[in-house]
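Student: Everything below, folded, please.
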Amino acid sequence: MSRPAPLVRKLMLLGAAPAFVMFIVLMVFFTSARLEDARRDLADSSQMLADSLAPAVEYAVVSGNTPALQQVLSQSLRRSRALWIRVSDVMGDEVGFVTSSSDQVTVNSKTLHIFEAEILQQPLDLRSSQQTDWFEPDYGFGGGALKVGTVQVGVSKEYLAARRSDILWTSMVVGIALLLFTMLIVNRTLSGILSPIRGMSSRVKLLMNREYHQVPASNEPNTQEIQELDENLNALASHLNNLKESRAQTLAASENARNKAEEANQAKSEFLAAMSHELRTPLNGVLGMIELVNEEPLTPRQKDYLLTARQSTEDLLTVIGDILDYSRIDRGALNLENREFDVRQLITNCTASYKLVAEEHGLTLTLTFYGEWPYKAFAVGDAPRLRQILAGLIDNAVKFTGAGYINIQAGWFALEDNCMVLNCSVNDSGSGIPINRLSNIFNSFEQLESGDNRGYNGTGMGLSLVQRLVELMGGHVQVETDLGKGSSFRFELPFELGIAVPQRHPAVHELAAARLGTVSRALVVEDNPVNQRVATALLTRLGFETDAANNGKEALDLVRTNHAGYDVILMDCQMPLMDGYETTRCIREWEQSNGQGGTPIIALTADALPGTEASCRDAGMNDYLTKPVRKEGLREVLSRWIKL
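Tutor: Presented below is the predicted three-dimensional model:
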């Protein structure tokens, strides 16, 4: 985009344009007037010379006094602009001729202006009392003035051309001098106007650089508007300085509060971890003693008591393990394993372990596999954490379902780039969850009922731990409920395929479709490597050239430095250094400051809370996509914003 012309150039043009137009008009008018005056003056003076010579040479012509005639003509030519003067008699014969040129002069040349006057013999009144008589030759005629000859004055046309050239040059010199003088006056006036404006521009730059210093008023005389702007800029600088100090105080207080909160959170996490370890040691001893006592001869009642004690102790160990995992996640100290395991076998074994518990509660527990399950469903990931997630959801369903069924469905969907997505849901026929409590069920230590009247035991930490583990593994969890009819918890997790699982190759028509058309550019902002690979592979399959960023700062740098731009951005919401919300706001501000159109930004999130989509749109994102990314879902969302 070309830079606009500076104000000084526009104002100079505004001041110089009328002066230039006036210069042209006056030059044309006055030059034409002076040329007309010069032509008329030359004609009048030459004709006057001819008219004056006619009576002066009358006697010399009549009497034939040639020397006197030549003397009169020479004296008249000396004080005139004529090239020559010629006198002829009534018969047309030349009787007198003088010229100012030493060269031979042609009388009837086309380069001359010739002015004529007749020489008339007037009657003479010799006696006042007698009748007037003519002094005339023998062949005289009677009746009035008698023509005796002609006076011709020849003026060269070059004289008028030289006169015209002098007039043009003098007019041009005077006009240019006046134009330059006008430009100097305009420039001087503009300097007085623009100098304060430049000073204000410098002050605005200082304000943009957060230098809020007030500038004393200038001693030079300025217009009322300039003076008001100076006062307003000083008031703005003072206000911004006050805001800066207030902001610094607020930030200091916020930083202090944040440090205290982090210290308290760290102390809480360390306390939970320490207590978990301390409680686990004696509980292991209790379980060991129960095992030893159980080997002794016991009555049926005693065995029942020991079985109850053992079950309660194992439940307590489970709670302690959840607390320990929760504290590790909270401190960022939970490391995921990356080993190959059989996904189908893990889900089958985990479901089978709850078969007896479900039957004891009068529930029917079923497991259904759907999708593209291979013969050997090997994947690479953290198998114990996957089992913990599924067990947490089954345990929650058993606890809150009084009668009916619990149905577990597991789907396998192969993706490109040697990846797959596990889609698993746990459906129950329980009492359901009120809509107004959906936003709280994944909170830590939260239960639908509280106080002494709650109908179910537990710490309220199971679903919170499930959500954190799912998000840590790069997936998301969702809940659907119908009050009085049951609930459905569904989670999706991405995994890399194991060695035993053949990679699914794209169809020929899909590859051809990816190569056709104009190549679009996309940016994937995702801190989870597996999700990043999945999104990149899907975008490549859809015909995109894809860049990837591990956090918001990297994404912001790529957007600012990539001159070609991106057609779409997939933005993870939860990332280190700078999350997706803040990154989106920074990108939108950068686009507005550079006059660019808004690039479609699609949110990638594992958050299942109802207000998440509204938060994404408030931050400036255009659409919403849950993780892990599925090909059809991605295609559907992208098709709303760009042509695939």
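Student: In this structure, what helix or strand scores lowest on average pLDDT?
Tutor: helix 508-515 (a mean of 39; mean pLDDT, DSSP states H and E).
Student: helix or strand right after it?
Tutor: strand 520-525 (DSSP states H and E).
Student: Next, the angle from the helix or strand following that following strand to strand 520-525.
Tutor: For strand 520-525, the following helix or strand on the C-terminal side (DSSP H and E) is helix 529-541. With axes from the mean of the first three to the mean of the last three C-alpha atoms, to 10 degrees applied, the angle from helix 529-541 to strand 520-525 works out at 170 degrees.
Student: Pull the distance from helix 529-541 to the chain's centre.
Tutor: 28 Å (C-alpha atoms, centre = their mean, to the nearest Å).
Student: Which neighbouring elements make contact with that helix?
Tutor: Packing contacts for helix 529-541, counted by 3 or more C-beta pairs under 8 Å, 6 or more residues apart in numbering; DSSP states H and E, involve strand 404-415, strand 419-428, strand 486-497, helix 508-515, strand 520-525, strand 544-549, strand 568-572, helix 631-639. Bear in mind the C-beta positions are built from the backbone N, C-alpha and C, glycine included.
Student: any idea which of the ones you listed scores lowest on pLDDT?
Tutor: For these, mean pLDDT drops lowest on helix 508-515, to a mean of 39.
Student: Take the helices and strands packed on helix 529-541 and lay them out in CSV including distance to residue 152 and mean neighbour count.
Tutor: As requested, these are exported to CSV (distance: least, C-beta to C-beta, whole Å; neighbours: other C-beta atoms under 10 Å):
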stretch, distance to residue 152, mean neighbour count
strand 404-415, 114, 19
strand 419-428, 116, 22
strand 486-497, 117, 23
helix 508-515, 99, 11
strand 520-525, 94, 24
strand 544-549, 96, 20
strand 568-572, 97, 27
helix 631-639, 101, 15
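Student: Dump these into JSON lines; add distance to residue 329 as well.
Tutor: Shown next, in JSON lines, are those (distance: least, C-beta to C-beta, whole Å):
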{"stretch": "strand 404-415", "distance to residue 329": "24"}
{"stretch": "strand 419-428", "distance to residue 329": "20"}
{"stretch": "strand 486-497", "distance to residue 329": "16"}
{"stretch": "helix 508-515", "distance to residue 329": "39"}
{"stretch": "strand 520-525", "distance to residue 329": "23"}
{"stretch": "strand 544-549", "distance to residue 329": "24"}
{"stretch": "strand 568-572", "distance to residue 329": "18"}
{"stretch": "helix 631-639", "distance to residue 329": "27"}
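Student: Quick one, which of these gets closest to residue 588.
Tutor: strand 568-572 (11.2 Å; C-beta to C-beta).
Student: Neighbouring strands - and their directions - for the closest one?
Tutor: Taking DSSP bridges as the criterion, strand 568-572 forms sheet pairs with strand 520-525 (parallel), strand 601-605 (parallel).
Student: can you tell me how far residue 363 sits from residue 235?
Tutor: 73 Å (C-beta to C-beta, to the nearest Å).
Student: Could you dump the strands paired with strand 568-572 into JSON lines with distance to residue 296 added?
Tutor: What follows is these, written out as JSON lines (distance: least, C-beta to C-beta, whole Å):
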{"stretch": "strand 520-525", "distance to residue 296": "63"}
{"stretch": "strand 601-605", "distance to residue 296": "56"}
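Student: So for residue 363 and residue 235, which sits in the more crowded spot?
Tutor: residue 363 (21 against 11; other C-beta atoms under 10 Å).
Student: quick one: the more buried one and residue 350, what's the gap?
Tutor: 16 Å.
Student: Also residue 535?
Tutor: With C-beta to C-beta as the criterion, residue 535 and residue 350 are 29 Å apart.
Student: Residue 309 now?
Tutor: Separation of residue 309 from residue 350 (C-beta to C-beta): 25 Å.
Student: Return, as residue ranges, the portions of the stretch 1-150 of the chain with sub-threshold pLDDT.
Tutor: 1-12, 15-16, 102-109, 123-144 (pLDDT under 70).
Student: list the contacts for residue 590?
Tutor: Residues in contact with residue 590 (C-beta atoms under 8 Å, 6 or more residues apart in numbering) are 556, 559, 560.
Student: and it, what element?
Tutor: Judged by DSSP H and E, residue 590 forms part of helix 580-593.
Student: same check, this time on residue 67
Tutor: helix 66-78.
Student: So which bits of that helix are buried?
Tutor: 69, 70, 72, 73, 76, 77 (16 or more other C-beta atoms under 10 Å).
Student: Moving C-terminal from that helix, which element do we reach first?
Tutor: strand 84-89.
Student: Give the partner strands of the helix or strand just after that next one in its sheet and their orientations.
Tutor: Next helix or strand after strand 84-89 toward the C-terminus (DSSP H and E): strand 94-99. Strands that pair with strand 94-99, judged by DSSP bridges, come out as strand 84-89 (antiparallel).
Student: how far does the partner strand sit from the chain's center?
Tutor: With C-alpha atoms, centre = their mean, you get 89 Å for strand 84-89.
Student: Contacts for that strand, please.
Tutor: 49, 53, 57, 61, 69, 73, 76-77, 94-101, 105, 107, 119, 148-154.
Student: For it, C-alpha coordinates in PDB please.
Tutor: What follows is strand 84-89, C-alpha atoms only, in PDB (Å, rounded to 0.1, in the frame of the first residue of the first chain):
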ATOM      1  CA  TRP A  84      12.400  54.600 -45.500                       C
ATOM      2  CA  ILE A  85      10.300  57.600 -46.700                       C
ATOM      3  CA  ARG A  86       9.300  58.100 -50.300                       C
ATOM      4  CA  VAL A  87       7.600  61.000 -52.100                       C
ATOM      5  CA  SER A  88       6.200  60.700 -55.600                       C
ATOM      6  CA  ASP A  89       4.400  63.200 -57.800                       C
END
